[in-house]
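Q: Structure, please.
(2 chains)
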Amino acid sequence: MDSQLPRMLGVATAETLYMTSVAALLVILAGLPLGVLLVITDRGGLWERPALHRVLGALVNVGRSIPFIILMVAIVPLTRLLVGTTIGTTAAIVPLVVAAIPFMGRVVEQSLREVEHGLVEAAIAMGSTHRRVIFQVLIPEALPSLVRGTALMVISLLGYSAMAGAVGGGGLGDLAVKYGYMRFRTDVMVGCLAVLLVLVQFVQWLGDALASRFDPASARASR
Amino acid sequence: MIAFRGVSKVYTAGGREVAALRNVSLRVEAGEVHGVLGQSGAGKSTLIRCANLLERPSEGSVHVDGQDLLALSPEALRKARQGIGMIFQHFNLFPSKTVAANVAYPLEVAGFPRAQVRERVEELLSLVGLSDKALAHPAQLSGGQKQRVGIARALAPRPRVLLSDEATSALDPETARSVLELLRDINRRLGVTLLLITHQMDVVKAICDSVSVLERGRLVEQGKVTELLARPGTRLHALCFPPFASGAEAPTGRRVALTVAGESARRPLLATLARQFDVDALLVEGAVERVGAIRVGRLLFDLQGTADAVSQALTYLREQGLTPEEVPHG
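A: I've put the predicted structure just below:
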């Protein structure tokens, strides 16, 4: 055990948190509209646009099928364009976001599809605009499921961020590979894994807690 | 208030065309309770969903409150829908919203100011007897309470028309009756025109003024409930009064089946036969139904007496506007 370890872990954790949280925020901002579009443009949806639906679906599938490690390298030009560099924590955010948006889109789509169609129909029968159906009915009714899906997305971002770190992004993954693996520092490896474990557990716990907070059924049970 | 003219609806399912409605024409007058009766798959659901264009007819026109719905712009259609309430078999309340928020929803859609929304929500919850449940969530309510919230929500923006899609089918008979009474009461007190669909004859008997019978997408019968029930041979009559079961028993005279309704049900018919024609009527079977304020009865009896007297008695019944049916034995 050396005295450097806590400091190294602290820096790496801060980098991981920075990458993951900024990426998560951007992914939510893009993934939510994407998921909504996937639902409403589908056949029988609020805003049927079969061609657009097919294009979006195909794009999502392409994004989902490229392994992250390859995606990261493939979009280097985009990263350089956006961030000015391809190395470092901020640069790692670009591939993270690009990789997680399609995932988030599907998660949101799935959650919204779980909302009973009768509710949408009732809202339309009452003269609601599409905007109102989406924001006052679909999203609020899907909220517990959306929150759980978001937790899932953040946890996979943590995983991706370790990979991004290993190719120069910094963070816990970087530390674990460079010190824990390459320099045989078992203490560093264990420390990194421990922090990741705690982070994942925390995100999952937070997701579950928020989800039940928004779920009228479980809110009733605790009352 | 509601007029369907030549409405057809054709679905394409798996390359095949399925007609859910075929050339349906239907009028519901203002303030009336009209029931559409049919088996499942008859097209009732499609029909009622055409009344607010949740489904667009393939042909024909739908007028509600003087507006040709199919001619409206999307914006005007949304406006029109705010004047057409709808309640559903499975209630379709928003689970994440409280009872009060559910009732407030259509008011917000219609752009009521906030203070007015609160006032109107209270008024409606008291109308349906659920003032104490304002802050509950739908999951905490019984089926009957849920449907009452559904009714309050549908009535919130003061619609002139209420559509009911099998609103009592998911409820137990006792609760269904109280919900039907509430609907009848709302129709009388607020003058709301009610179009409902159901597969239950009991619902038609309990609250409908007029009825349409739908079979495989076609309207096969239409009219006032009391008139159709009083007329043997109509589908409604057959649904209300199943055939008598005592065919096998040997008759003790000329066996006659008779439907009496309204005025004729209030007179002592059988006693009159005995007094005026010296004919005894032996009651074999019978059923009496209350439909709104009137009674409709279906009786099977044997007329005992001389052939002449019995013929005279039957003539007398016909003169009274009744249609005695002789039931051949065997």
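
Q: Chain A against chain B: which residues are in contact?
A: A:116, A:118-119, A:121-129, A:132, A:136-137, A:140-141, A:143, A:214, A:216-217, A:219-220 (Cβ under 8 Å from any Cβ of the partner chain). Heads up, the C-betas are built off the backbone N, CA and C, glycines and all.

Q: Filter the residues you listed down to just the buried residues.
A: The neighbour count (16 or more other Cβ atoms under 10 Å in any protein chain shown) marks A:119, A:121-129, A:132, A:136-137, A:140-141, A:143, A:214, A:216 as buried among those.

Q: Among these, which ones are in helices?
A: Within these, residues falling in helices by DSSP state H are A:L119, A:E121, A:A122, A:A123, A:I124, A:A125, A:R132, A:P140, A:E141, A:L143, A:F214, A:P216.

Q: Pull the most distant pair out of those.
A: Farthest-apart pair in these is A:A125 and A:F214; separation 25.4 Å (Cβ to Cβ).

Q: Please list the residues of chain B that sit near chain A.
A: Going by Cβ under 8 Å from any Cβ, the residues of chain B near chain A are B:52, B:54, B:78-82, B:84, B:86, B:88, B:90, B:92, B:94-97, B:105-106, B:108-110, B:137-140, B:153, B:157, B:163.

Q: Could you tell me which of the residues you listed are located in helices?
A: B:R78, B:K79, B:A80, B:R81, B:Y105, B:P106, B:E108, B:V109, B:R153.

Q: so the first one makes contact with A:M126?
A: No - here B:R78 does not reach A:M126: they are 9.1 Å apart, not a contact under Cβ atoms under 8 Å.

Q: circling back to that earlier point, for the residues of chain B next to chain A, which PyMOL command selects only the ones that are buried?
A: Here is the PyMOL command that selects the buried residues among the residues of chain B next to chain A (16+ other Cβ under 10 Å):
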select buried, chain B and resi 52+54+78+80+81+82+84+86+88+90+92+94+95+96+97+105+106+108+109+110+137+138+140+153+157+163
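
Q: how about B:F88, what does it touch?
A: Shown in contact with B:F88 (Cβ atoms under 8 Å, 6 or more residues apart in numbering or on different chains): A:G118, A:E121, A:A122, B:G150, B:D165, B:E166, B:A167.

Q: and B:A274, helix, strand or coil?
A: Three-state call for B:A274 (DSSP: H, G, I helix; E, B strand; the rest coil): helix.

Q: what about it, how many neighbours?
A: Applying other Cβ atoms under 10 Å in any protein chain shown, we find 16 residues neighbouring B:A274.

Q: now do the one 5 residues further on
A: Summarising burial for B:V279: neighbours were counted as other Cβ under 10 Å, giving 24.

Q: Also A:T85?
A: Counted with other Cβ under 10 Å, A:T85 comes out at 11.

Q: same thing with B:A13?
A: B:A13 has 7 nearby residues by other Cβ under 10 Å.

Q: do the same with B:D280
A: 17.

Q: Beta-bridge partners for it, please?
A: B:Q304 (DSSP bridges).

Q: Likewise for B:L258?
A: B:L299.

Q: Okay, now the unreliable bits of chain B?
A: Within chain B, the segments meeting pLDDT under 70 span B:246-248, B:329-330.

Q: Tell me, domain by domain, which residues of it belong where.
A: Here chain B is described, according to automatic domain parsing, as comprising the domains B:2-235, B:241-326.

Q: which residues does B:A167 contact?
A: B:I87, B:F88, B:Q89, B:Q147, B:G150, B:I151, B:V179, B:L183, B:L196.

Q: got the contact list for the last one?
A: Applying Cβ under 8 Å, 6+ apart, one finds that B:L196 lies in contact with B:33-36, B:48, B:163-165, B:167, B:183, B:203, B:207-208.

Q: From those residues, pick the one nearest chain A.
A: Using Cβ to the nearest Cβ, B:L163 is the member of the contacts of B:L196 that sits closest to chain A, with 7.9 Å.

Q: residues touching the closest one, list them.
A: By Cβ under 8 Å, 6+ apart, the neighbours of B:L163 are A:A125, B:I48, B:A51, B:N52, B:I84, B:G85, B:M86, B:I87, B:L195, B:L196.

Q: In terms of secondary structure, what does the longest helix belonging to chain A contact?
A: As assigned by DSSP H, the longest helix anywhere in chain A is helix A:4-40. Judged by 3 or more Cβ pairs under 8 Å, 6 or more residues apart in numbering or on different chains; DSSP states H and E, helix A:4-40 is in contact with helix A:50-65, helix A:89-113, helix A:139-164, helix A:171-175, helix A:186-214.

Q: per-residue confidence averaged over that helix?
A: Here helix A:4-40 scores 95 as its mean pLDDT.

Q: Quick check: buried residues in that helix?
A: A:5, A:8-9, A:12-13, A:15-20, A:22-24, A:26-28, A:30-32, A:34-40.

Q: list the buried ones in stretch B:97-106?
A: So, applying 16+ other Cβ under 10 Å, buried residues of stretch B:97-106: B:K97, B:T98, B:V99, B:A100, B:A101, B:N102, B:V103, B:A104, B:Y105, B:P106.

Q: ugh, wrong one, stretch A:51-66
A: A:H53, A:L56, A:G57, A:V60, A:G63.

Q: can you tell me how far the nearest residue to the fourth one once chain neighbours are set aside sits from B:G31?
A: Read that as A:V60. Of all residues not flanking A:V60 in the chain, A:P102 sits nearest, at 4.2 Å (Cβ to Cβ, 6 or more residues apart in numbering or on different chains). According to Cβ to Cβ, to the nearest Å, A:P102 and B:G31 sit 56 Å apart.

Q: Good, wrapping up.
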